[in-house]
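Following is a predicted model, sequence given first.
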Amino acid sequence: MALPQFIGHRGYSARAPENTLSALHAAADAGIAWVELDVQCLGDGTPVIWHDTHVRRCSDGKGRLKELTLAEARQLDVGRWFDPRFEGERMATLKEALDVIAERGLGLNLEFKLDHRDEPSPLIDAVLPILNGGLPRERLLLSSFSNDVLDEIRQRDKKAPLGILFSEEIPRDWLWDAERLEPESIHVDWRYMNEARAREIIEGGMALVCYTVNDPDRFNDWWDIGVTSVISDDPLRFDRFTRALEN
């Protein structure tokens, strides 16, 4: 899989409310080729593009996401918190987001969000049928912090393009997970990155994806070890990105 050097975090979350259709259009308008989005299910089983387990941070409502039906979620304004210009923005379903991504020619890194108390099957059952045929495989990457999610996806689809997400430091046994799951990429929090482990990933033939990178100057030295991609709230802050657009 040929991942781009820059991936927009939750769409283009520096310019539009995160994980919304507006953020997808903003990314495409800015020339960002790929976006990262989060998917989880409402209480009625509808997969939606949303990061938190609750709705209070990014909407005008309160409560847990899994306690809402789609009809109730549609009542929420998920744009005004970011800027009054986005007043009236509604929570996007996975299907709606995929339609925009396909229409705008974007690639998608879809992160499966799973509460540690939940079983992975209901989320996977809801998401995979919608993904089938929605995007070509070279423009789709499925990632998660949950090995339970990744294991089950791999069991169902031997060729699914997977990305393993690690929080904080890359664990010593990362290769055990990689050999079992055969991922396209390893995703790491760049603030905790260990150079020796990072080189192991690259030398192992996997893409090294760093999140969430918003300080080009501090990150600059990491490019030299062979980082494949960075996930950023604002790729336009990087000279490398703007030069690529100009060329």
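It's in.

in the helix-or-strand element of the chain with minimal mean pLDDT, what's buried?
Least confident element among the helices and strands of the chain, by mean pLDDT, DSSP states H and E: helix 239-246 (a mean of 87). If you call a residue buried by 16 or more other CB atoms under 10 Å, then helix 239-246 has these buried ones: residue 241. (Each C-beta comes from the backbone N, C-alpha and C, glycine too.)

Packing partners of that helix?
Packing contacts for helix 239-246, counted by 3 or more CB pairs under 8 Å, 6 or more residues apart in numbering; DSSP states H and E, involve no helix or strand.

Tell me how far it lies from the chain's centre.
Computed by CA atoms, centre = their mean, to the nearest Å, the chain-centroid distance of helix 239-246 equals 22 Å.

Export that helix to CSV, keeping only CA atoms.
The C-alpha coordinates for helix 239-246 follow below in CSV (Å, rounded to 0.1, in the frame of the first residue of the first chain):
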residue,chain,number,x,y,z
ASP,A,239,6.7,22.9,4.2
ARG,A,240,7.0,19.4,2.7
PHE,A,241,3.3,19.3,2.1
THR,A,242,3.0,22.8,0.6
ARG,A,243,6.0,22.2,-1.7
ALA,A,244,4.4,19.0,-2.9
LEU,A,245,1.2,20.9,-3.8
GLU,A,246,3.1,23.5,-5.7
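
residues contacting the residue positioned nearest the centre of the chain?
Nearest residue to the geometric centre of the chain (CA atoms, centre = their mean): residue 36, 3.0 Å. By CB atoms under 8 Å, 6 or more residues apart in numbering, residue 36 lies in contact with 7-10, 108-111, 211, 231.

Assign a three-state SS to residue 217, would you?
Classification of residue 217 using DSSP: H, G, I helix; E, B strand; the rest coil returns helix.

burial measure for it, as a count.
By the criterion of other CB atoms under 10 Å, residue 217 has 7 neighbours.

cool, residue 155 as well?
With other CB under 10 Å as criterion, residue 155 counts 10.

Doesn't residue 4 lie inside a strand?
No - under three-state DSSP, residue 4 sits outside any strand and is assigned coil.

where do the strands sit along this structure?
Remark: strands assigned in the chain by DSSP state E are 6-9, 34-41, 47-49, 107-112, 140-144, 162-166, 185-189, 207-211, 229-232.

And the ones you listed: which comes nearest residue 20?
Closest approach to residue 20 among the strands of the chain (CB to CB): strand 47-49, 7.4 Å.

Cheers, nothing more for now.
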